[in-house]
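Undergrad: Pasted the sequence and its predicted model underneath.
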Number of protein chains: 2
Amino acid sequence: MKAEIITIGDEILIGQIVDTNSAFIAKELNKIGVSVYQITSVQDDKTHILKAFEAAESNVDIVIITGGLGPTKDDITKTTLAQYFEDTLVYDEAVLNNIKYLWKNFVKQPLLQVNIDQSLVLSKATALMNTSGSAPGMWIEKNNTIFISLPGVPFEMKELMNSEVLPRISNKFKRPYILHRTLLTYGLGESVIAERIKNWETALPDSIKLAYLPNLGRVRLRLSSTGFDKTAVIEGVDAQIETLLPLINDVFVGFEEHSSIEQLIGNQLVKLGKTLSVAESCTGGKIAENITAHGGASAYFKGGIVAYATETKIEVLKVAPELISEYSVVSSEVAEAMAQNVKTVFNSDYGIATTGNAGPSKGDSDAEIGTVYIAIATPDAVFSQQFNFGKQRLRVVQKAVTMAFTLFQKEIFKK
Amino acid sequence: MKAEIITIGDEILIGQIVDTNSAFIAKELNKIGVSVYQITSVQDDKTHILKAFEAAESNVDIVIITGGLGPTKDDITKTTLAQYFEDTLVYDEAVLNNIKYLWKNFVKQPLLQVNIDQSLVLSKATALMNTSGSAPGMWIEKNNTIFISLPGVPFEMKELMNSEVLPRISNKFKRPYILHRTLLTYGLGESVIAERIKNWETALPDSIKLAYLPNLGRVRLRLSSTGFDKTAVIEGVDAQIETLLPLINDVFVGFEEHSSIEQLIGNQLVKLGKTLSVAESCTGGKIAENITAHGGASAYFKGGIVAYATETKIEVLKVAPELISEYSVVSSEVAEAMAQNVKTVFNSDYGIATTGNAGPSKGDSDAEIGTVYIAIATPDAVFSQQFNFGKQRLRVVQKAVTMAFTLFQKEIFKK
């Protein structure tokens, strides 16, 4: 059961946007037992799109196409599909009614001919109703391959995947169970970990695949396995994890699946009945943003202060000016004061603070670029650590955020 | 002058990561006149990779490959390249010295055989020195096609692109000039804009391509043109923009190139000598984070408060409890109080505030999910607007951030 994803649009090939649709589609297909053989991004060019369709048809069972379904002249996916399938376009009444409904109730602008033409679909296709937009999806079967065309706007694509595409694929095919489990580690490079678990890795059965994913100081180890007997797949992978864990005990942080580190933290805080607030200098709001990206954060997250300027640290976070002049604004003393005071300001049980110099220029302190102090205030103590995260601004910020969550997670899980 | 980007790694095809490397590479290649024909993501599978190499070689002049160069067993790009070019791997002394230097000064862990083996390169290749990691890039010429292999870790890939790949391509080829200019609009759907500028679009010369990019309430119009006479390309596009602008005057927000809306705002604040602070409820720090993502923000950004809980709005932002009980926490009155008070807390000239209900559950107010109030406090006034951004949490947040910047930009550019 193999699929190819084809994303259509010059904006991808000139680097104007990052193709996030493919990752979403791939993840969802994996969950229902369909593996993705290839992802191909092609230009808004008929010849090129036709070539991609042909190549995909020879390689896979399911071709999912996104993009190029809009009402403007640069959108050519539908006419190209018609040519590929030697088919004509016909109006779909249900789709047209949906468009009229959307225009009347939400768009509130005149319905133009190009909007009406959005209800044209291939005569051989099953139209997939897009309740959030005017471009319908299409499901077309040819010999042994299914072509599915979806709009490129991410939330419309996602809705159609969930409401139409995944249920239809699930009904039509007997699919294996695909399992990925990812172990997060922090503190050792991938080659050292590989050396350490060499014997274990060599003894892995062929049915289980191991991948090393290093990024920003973390190494993730992913175990993958596929099979029609779901229980056997899970038990097989679990057995391997059980023998792996003792080997990486000192660097193992947690499992990634189904929950990011922020979600693990949130769940644990709810369990403990504790609350958190954050004071961010160099991370500029990114810690708060990651926490609040998950619904339900208001149960444990009291809020945050982005204390970018030194005067903000003094005036809003009540850090003593003497502390700053004695130790500098980028110091463990100031980080700890920020963590403790933000706890007080927000009346929370825990506080996280960052202060550092992310570059490119030195800012309000003489600290070397890349220097970051992270402090954690607990209900009855405070501690901090110094790091150097290199010279590239966005990387420094991202590493600091990752490390803040890692330190905090260790703290709240040791209870 | 055409290129294909091949990204290798199961993590892309199972949707575990979003492939951001391709967008970066595509953008940089475009800047030096190389257009990207296709982006292909393939599994860590030798047969599949070889097939992708062959297809790319028949289509393009330059093949850029990322990923699969690590020291662990799942990394097979190098041996696959050796097979494709019928070549052997040899140790590169300069690369080995670099690895030894990195291990001694930064990694500070024992140098293993797998680390030493990272200095193996194809005998026919020019090694491209990776000063931040152990995996060198490679430049291999075959007939009329150049294969360039780069590590998949984004910052290592970026460094090698800038220090080695782009200069070498620029030296080797005479390249055309590629121009993209993108106009940001807000307030009309793409079909209405298309209808309005129909005559202008029909009269566009063949050398200029127009694309409509709708997203989250904004429509971007991109004009693209290519040619060896740079001045003629620029003048041709500028002339079209000059006749286009009067047609979309009421919805035109600005140009996207070289600067995001946050950078435009930052530059303008510096020019005006004014400062900004933000109070964020439903946007959870994302406005602050977008502002501080750019170096130099400390010149105009005083800081922000993430006032997630109602009590934070009262205690930290000093919003009167009576205001909240009378109008509800999601109201224009509270948004305006937040914007004015955050200005006072941070002693800034401008304040931006958001309060709303992003879902999935209703939280501290009865406001419908998707309802967001955005307020702007200026040096001498305050105003706010109500929006409904739909039911999907992340989309509500992103739309609110976009809209906050749009409103604020209009405000500071009208002076």
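TA: Here it is on my side, so go on.
Undergrad: When you work out contacts or count neighbours from here on, use the C-alpha atoms and nothing else.
TA: Noted.
Undergrad: For the helix or strand containing A:E11, name the packing helices and strands.
TA: Counting by DSSP states H and E, the secondary-structure element that holds A:E11 is helix A:10-13. Other helices and strands packing on helix A:10-13, by 3 or more C-alpha pairs under 8 Å, 6 or more residues apart in numbering or on different chains; DSSP states H and E, are strand A:35-42, helix B:21-31, strand B:35-42.
Undergrad: Adjacent strands (with direction) for the last one?
TA: Meaning strand B:35-42. The strands that strand B:35-42 pairs with in its sheet are strand A:35-42 (antiparallel), strand B:2-8 (parallel) (by DSSP bridges).
Undergrad: Just want the angle from the first one to helix A:21-31.
TA: Orientation note: strand A:35-42 sits at an angle of 160 degrees relative to helix A:21-31 (axes from the mean of the first three to the mean of the last three C-alpha atoms, to 10 degrees).
Undergrad: Could you pull up the residues touching the closest residue to A:E164 other than its chain neighbours?
TA: For A:E164, the nearest residue in space outside its immediate sequence neighbours is A:L128; the separation is 6.5 Å by C-alpha to C-alpha, 6 or more residues apart in numbering or on different chains. Shown here is A:L128, whose contacts under the criterion C-alpha atoms under 8 Å, 6 or more residues apart in numbering or on different chains are A:136-139, A:160, A:164.
Undergrad: Tell me the most packed of the residues you listed, by neighbour count.
TA: Tallying neighbours with other C-alpha atoms under 10 Å in any protein chain shown puts A:P136 at the head of the contacts of A:L128, with 29 neighbours.
Undergrad: That residue touches A:V153, doesn't it?
TA: No. Counting by C-alpha atoms under 8 Å, A:P136 does not reach A:V153; the two are 11.8 Å apart.
Undergrad: how about stretch A:248-265, does it reach chain B?
TA: No. Where contact is defined by C-alpha under 8 Å from any C-alpha of the partner chain, no part of stretch A:248-265 touches chain B; the two come within 9.9 Å at best.
Undergrad: that older thread, buried stuff in the helix holding A:E11?
TA: Residues A:10-13 are the ones in helix A:10-13 that count as buried (16 or more other C-alpha atoms under 10 Å in any protein chain shown).
Undergrad: What of stretch A:405-415?
TA: Buried positions in stretch A:405-415, judged by neighbour count with 16+ other C-alpha under 10 Å: A:405-409.
Undergrad: Relative to chain B, which of those residues is nearest.
TA: When those are ranked by distance to chain B (C-alpha to the nearest C-alpha), A:F405 comes first, at 16.1 Å.
Undergrad: In contact with the spatially closest residue to A:V372 that is not a sequence neighbour, which residues?
TA: Nearest non-adjacent residue to A:V372, counting by C-alpha to C-alpha, 6+ apart: A:G356, 3.9 Å away. A:G356 sits next to A:281-282, A:330-331, A:367, A:370-373 when contact means C-alpha under 8 Å, 6+ apart.
Undergrad: one more time with 7 Å
TA: A:G356 makes contacts with A:281-282, A:330, A:371-373, as judged by C-alpha atoms under 7 Å, 6 or more residues apart in numbering or on different chains.
Undergrad: Now tabulate the residues you listed in JSON lines and tack on neighbour count.
TA: Below are the contacts of A:G356 laid out as JSON lines (neighbours: other C-alpha atoms under 10 Å in any protein chain shown):
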{"residue": "A:S281", "neighbour count": "29"}
{"residue": "A:C282", "neighbour count": "31"}
{"residue": "A:V330", "neighbour count": "25"}
{"residue": "A:T371", "neighbour count": "22"}
{"residue": "A:V372", "neighbour count": "29"}
{"residue": "A:Y373", "neighbour count": "25"}
